[in-house]
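> sequence and predicted structure are below.
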Amino acid sequence: MKQKILIVDDEKSIVTLLQYNIERAGFDTAVAYSGTEAYDKAIHEPFDLIVLDLMLPGMEGTEVCKKLRQEKTDTPILMLTAKDDELDKVLGLELGADDYLTKPFSPKEVIARIKAILRRTHKQTKSELPYFKIGQLIIYPEQYEATIDDKVLTFTRKEFELLVYLARHKEKVLSRDQLLSAVWNYDFSGDTRIVDVHVSHIREKIEPDTKQPVYIKTVRGLGYKMEEPSD
């Protein structure tokens with residue numbers, strides 16, 4: 001059974017271009033031309049991935065992404081934006097998008113990003129431990145869940161993947177470039193602020209004091225390290 005991609009953009013020429021190339025790459029597609037139409041389809045139909053434009057009539061792409069994540073819809077989202085602004089990119093990722101592309105883009109790059117996201121989200125590691133326990137933090141990779149002091153935590157997909165990667169490499173210093181490559185699966189060309197933003201959000205959820213973190217330590221000039229909190 002083919003994987004199904006929802007394409008969301010208000011420019012029909014872009015939708016036609018994306019639909020042709022995505023179907024040519026072996027996927028089924030559905031389309032939406034507004035944010036409200038996209039939200040309704042994503043809630044009521046199963047999709048393997050959503051290609052979501054940022055600027056949409058009815059409801060902006062960022063709002064669609066935010067509402068889907070609030071509804072616990074974890075369908076991967078590739079966000080498209082005509083704005084080459086770092087803050088727009090970071091905002092999309094903070095709201096739960098898995099990746100982004102800035103217009104203009106090549107169809108080949110879109111397909112490559114789609115395949116990379118699907119590989120990450122469908123990949124299962126047989127040797128993976130059922131859970132990680134670090135201090136009072138317990139992480140269940142297969143259940144996509146984490147608790148601290150028996151309180152269930154809520155993460156975006158990328159936050160959780162980053163948390164798991166740090167936990168799996170506990171006590172090792174990991175550079176921002178390493179984390180970009182491992183979690184985002186390709187080079188962001190030095191856009192390491194994305195890592196910093198995600199670490200900051202994780203800290204807000206797991207650290208007793210974000211100004212003096214005990215779980216995720218910053219190693220100045222090098223990167224980050226997950227540690228067992230000292231008593």
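That came through fine.

> from here on, contacts and neighbour counts on C-alpha atoms
Fine.

> can you map out the helices along the chain?
Under the criterion DSSP state H, the chain carries helices at the ranges 12-24, 35-44, 61-70, 86-94, 107-122, 157-168, 176-179, 193-206.

> so can I have TSV of those showing mean neighbour count and mean pLDDT?
Listed next are those as TSV, based on neighbours: other C-alpha atoms under 10 Å; pLDDT from 0 to 100:
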stretch	mean neighbour count	mean pLDDT
helix 12-24	15	95
helix 35-44	18	92
helix 61-70	20	89
helix 86-94	18	66
helix 107-122	15	87
helix 157-168	20	93
helix 176-179	18	89
helix 193-206	18	94
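
> please report how far Ser34 lies from Glu228.
47 Å (C-alpha to C-alpha, to the nearest Å).

> more neighbours, those two?
Set Ser34 next to Glu228 and count neighbours by other C-alpha atoms under 10 Å: Ser34 wins out with 22 against 16.

> and Pro130, what does it touch?
Tyr140, Pro141, Glu142 (C-alpha atoms under 8 Å, 6 or more residues apart in numbering).

> can you pull the pLDDT of the spatially closest residue to the last one that is not a sequence neighbour?
Spatially, and ignoring its direct neighbours in sequence, Glu142 is nearest to Pro130 (6.9 Å; C-alpha to C-alpha, 6 or more residues apart in numbering). Residue-level confidence at Pro130 comes out at 76, pLDDT.

> domain-wise, how is the chain divided?
4-122, 132-226 (automatic domain parsing).

> quick one: the shortest one to chain centroid distance?
Here the centre of mass of C-alpha atoms in domain 132-226, compared against the chain's by C-alpha atoms, centre = their mean, to the nearest Å, lies 13 Å away.

> in the sheet, who's paired with Thr102?
Legend: beta-bridge partners of Thr102 under DSSP bridges are Thr81.

> how many other residues sit next to it?
The number of residues packed near Thr102 is 15, by other C-alpha under 10 Å.

> just checking, it touches Thr81?
Yes. Here Thr102 reaches Thr81: they are 5.0 Å apart, a contact under C-alpha atoms under 8 Å.

> mind putting the helices of the chain into TSV with distance to Asp150?
Shown next, in TSV, are the helices of the chain (distance: least, C-alpha to C-alpha, whole Å):
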stretch	distance to Asp150
helix 12-24	43
helix 35-44	30
helix 61-70	22
helix 86-94	25
helix 107-122	26
helix 157-168	17
helix 176-179	28
helix 193-206	12
